Structure formats: structure tokens, C-alpha cells
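Undergrad: for reference, the sequence and a predicted model appear below.
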Amino acid sequence: IIITGTGRRSGERFRPVLTAEVQKMLHGQFVPPLGAVSVPGNKGMLKIPKEDIVDWFDHQRRQKRDRLLAVAEAMRDITSGERIERALMQSSNRLERALRQKYENVDEEAE
């Protein structure tokens, strides 16, 4: 339950302005969206279904697990030396190409 009030002090007296904004936020900024319905007989109160909250928590848990797995993968890549080996190979290949080009230019100048 979220209490938003009935809008007594809003510019539009007794029209709950905050309720609609909170509903938009719950639906548009949460993944998966949280559905909120007004409580019958109380314009200033919203109720979020338990299933929506459970789905949201499950999604957050899965997202956290996926992020942690990605970090673990990156750490394994760094500590295994594979990243360093790839960087050295790329550097070596660039150096070899540069030397080859330099010697080709020297040979052309000699002719």
C-alpha cells in the first residue's frame, strides 16, 4: 500500500495529483513494471499486487546475479593472463608491420 493523499493542499483541491504520478513512475521506471490500483473508497491510496512485487524482486535478483557473473568473467580474464597475452600479440603484430613497412621504404629508396 502506498499512501499518496487526496490532494487537499494541491492546486486542484481534493483531486489526488500525486496518485497518477506515482502510478506512472511505478509502471514506467520499474522493470518489470509494478501495477498499482486505487483502493476502492480511498482516492489517496494505491495498492500494488503481491505478484508484481515478487516478480520485481526476482528480476532484481537475476540482474544482480548476471552482473556478478560478468564481473567474475572479467576478473578471470584479467588474472588468467589471456588479456595480457592478446595485448602483447597485438603490439607485436603492429611492430612487425611497422618494421616491414620501414624496410620496404628503405628498399624503394635504394633502387
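TA: Structure's in. What do you need? Residues are numbered from 1 along each chain as shown.
Undergrad: all contacts plus neighbour counts: C-alpha atoms, from now on.
TA: OK.
Undergrad: confirm that Val31 sits in a helix.
TA: No. Using DSSP: H, G, I helix; E, B strand; the rest coil, the assignment for Val31 is coil, not a helix.
Undergrad: how many other residues sit next to the nearest residue to it once chain neighbours are set aside?
TA: Here the nearest residue to Val31 in space, its sequence neighbours aside, is Trp56; by Cα to Cα, 6 or more residues apart in numbering that works out to 6.6 Å. The local packing count at Trp56 equals 17, with neighbours defined by other Cα atoms under 10 Å.
Undergrad: which helix or which strand is home to Trp56?
TA: helix 50-80 (DSSP states H and E).
Undergrad: can you name the element that comes right after that helix?
TA: Following the chain from helix 50-80 toward its C-terminal end, the next helix or strand by DSSP H and E is helix 82-110.
Undergrad: starting at the chain centroid, how far to that next one?
TA: Chain-centre distance of helix 82-110: 40 Å, with Cα atoms, centre = their mean, to the nearest Å.
Undergrad: quick one: it to helix 50-80, angle?
TA: Direction vectors for helix 82-110 and helix 50-80, defined by axes from the mean of the first three to the mean of the last three Cα atoms, to 10 degrees, enclose an angle of 50 degrees.
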